[in-house]
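Asks: structure here, sequence nowhere to be found:
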């Protein structure tokens, strides 16, 4: 779906001739009293509009723009909001617009470059939704079966189209399931490396979730794990959580719990706006103190975030405490009402947006011959979005 949208986005910008020949009619442009350049397209499309100060700042000449690094070479001070145009002309041969500025500088802009950056509302909306980031699809418990997407491990690892579809599902629905991965301790790392690279935390690059004696993390117990997001005590939180089911509990427990936190937040905003405002504005102290794998840590972060692992320090005015608990309790009530319950099998990989999905686990019981064992890894969203754009660009139609 997303590839088709992406192709439509770029196809509409190409010349309408079947063989991609250069347009022969002249570009024409004018400048309004508000210092806005209006470009009339040779193909008869809607006029393109650009603030003159923006054009001056984005001059593509070699003195202003370094092509290899795709970076500006000059200081912002050169582009005054009073940038004035001496003359403006269109070209027939290369579909370029040439501007002579009153400071004796000359700029040229290609038609396709201008089309791609048109300030029209429809173009800005299209870029944000189809190039910048996919649009979230919020969902509740009743919609879970319709939004659940499953992928084969070998297909994700071998086919670019499937890799793209998998990453899009994480960006849009917020989670997905990968099936039939090998019985290998490196599955989570393989998937992370397929995207880009792992995010290292105080728990290492890969982490294991299993019951441990003298556990120093609540996840290492066999008790129920309440709905939460990982690492709220980090300033730069992990983007996605890759959880490979290496061994599953044969007891009745060990099921995953999950709810769409964005859906719950929107529901709270619509139905309980005052409580929503409290959770948005009241800072809360999150912490993680301990030792794992030989590394000691003491992490603290203050932010208005919902999580089950809060510090006993609550550094807000006294009168804000009780209202916050009222709002928090309502959020948790709604979250559990919309939570889904499912159990992964060995070889399944449950992957989800850690900044969006609240996840947890039901209690379980290990036995001497069956010890529940998950292996996880994190990847940041910057790396994921970059990969999405790179793969999508391969499918754009080119002359």
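Replies: Thanks, I have the structure now. Treat the numbers as computed from the prediction; the structure is a model and nothing was measured.

Asks: just the buried residues of stretch 203-215, please?
Replies: By neighbour count on 16 or more other Cβ atoms under 10 Å, the buried set for stretch 203-215 is 203, 206, 207, 208, 209, 210, 211. (Glycine included, C-beta is placed from N, CA and C.)

Asks: mean confidence (pLDDT) on stretch 366-376, please.
Replies: Average pLDDT, stretch 366-376: 96.

Asks: which residues does that stretch contact?
Replies: 185, 187-188, 206-211, 222, 241-251, 254, 364 (Cβ atoms under 8 Å, 6 or more residues apart in numbering).

Asks: do that again at 7 Å, thanks
Replies: 185, 187-188, 206-211, 222, 241-250, 254, 364 (Cβ atoms under 7 Å, 6 or more residues apart in numbering).

Asks: just the buried residues from those, in ChimeraX please.
Replies: What follows is the ChimeraX syntax for the buried subset of those, where burial is set by 16+ other Cβ under 10 Å:
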select :187,188,206,207,208,209,210,211,222,241,242,243,244,245,246,247,248,249,254,364
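
Asks: can you flag which of the contacts of stretch 366-376 belong to strands?
Replies: In strands, defined here by DSSP state E, the members of the contacts of stretch 366-376 are 206, 207, 208, 209, 241, 242, 243, 244, 245, 246, 247.

Asks: out of these, which is nearest to residue 54?
Replies: Relative to residue 54, the closest of these is residue 241; by Cβ to Cβ it sits at 40.0 Å.

Asks: from residue 168, how far off is the closest residue to the closest one other than its chain neighbours?
Replies: Excluding the flanking residues, the one nearest residue 241 by Cβ to Cβ, 6 or more residues apart in numbering is residue 354, at 4.7 Å. As defined by Cβ to Cβ, to the nearest Å, residue 354 lies at a distance of 17 Å from residue 168.

Asks: of those two, which one has the most company?
Replies: Per other Cβ atoms under 10 Å, whichever of residue 354 and residue 168 has more neighbours is residue 354, with 25 against 20.

Asks: which of the ones in strands among the contacts of stretch 366-376 lies closest to residue 273?
Replies: For the ones in strands among the contacts of stretch 366-376, the closest approach to residue 273 (Cβ to Cβ) belongs to residue 241, at 30.5 Å.

Asks: surely that closest one touches residue 228?
Replies: No - shown here, residue 241 and residue 228 do not form a contact pair, counting by Cβ atoms under 7 Å, at 11.1 Å.

Asks: and the residue nearest to residue 241, what does it touch?
Replies: Listed by Cβ under 7 Å, 6+ apart, the contact set of residue 354 reads 229, 230, 237, 238, 239, 240, 241.

Asks: out of these, who's the most crowded?
Replies: Highest neighbour count within the contacts of residue 354, by other Cβ under 10 Å: residue 240, with 28 neighbours.

Asks: ok so, going back, for the ones in strands among the contacts of stretch 366-376, which one is nearest residue 288?
Replies: Within these, the smallest distance to residue 288 is 12.9 Å, found for residue 207 (Cβ to Cβ).

Asks: grab the nearest non-local neighbour of the closest one.
Replies: Nearest residue to residue 207, sequence neighbours excluded (Cβ to Cβ, 6+ apart): residue 376, at 5.1 Å.

Asks: which SSE is immediately downstream of the helix or strand harbouring the one you found?
Replies: Using DSSP states H and E, residue 376 sits within strand 373-379. Per DSSP H and E, the first helix or strand lying C-terminal to strand 373-379 is helix 381-394.

Asks: how's the chain carved up into domains?
Replies: 20-132, 141-391 (automatic domain parsing).

Asks: okay, those, which one's buried deepest?
Replies: Sort the domains of the chain by mean neighbour count, taking mean count of other Cβ atoms under 10 Å, and domain 141-391 sits at the top with a mean of 17.

Asks: how long is it end to end?
Replies: For domain 141-391, the first-to-last residue distance is 32 Å (Cα to Cα, to the nearest Å).

Asks: could you do stretch 73-84 as well?
Replies: From its first residue to its last, stretch 73-84 covers 21 Å (Cα to Cα).

Asks: ok, back up a step: and of the contacts of residue 354, the nearest to residue 348?
Replies: Of all the contacts of residue 354, residue 348 sits closest to residue 241, with 13.9 Å by Cβ to Cβ.

Asks: and the closest one, bridged to which residues?
Replies: Residue 241 has these beta-bridge partners by DSSP bridges: residue 352, residue 378.

Asks: that one and residue 192, how far apart?
Replies: Separation of residue 241 from residue 192 (Cβ to Cβ) stands at 11 Å.

Asks: so where's the stretch 1-150 of the chain uncertain?
Replies: Across the stretch 1-150 of the chain, the ranges flagged by pLDDT under 70 are 1-26, 74-82, 91-94.

Asks: that one: strands as residue ranges?
Replies: 28-31, 36-40, 48-51, 65-66, 71-72, 85-90, 96-101, 106-110, 150-152 (DSSP state E, counting those that start in this stretch).

Asks: relative to residue 129, which of those strands is closest?
Replies: Residue 129 lies closest to strand 48-51 among the strands of the stretch 1-150 of the chain, at 19.8 Å (Cβ to Cβ).
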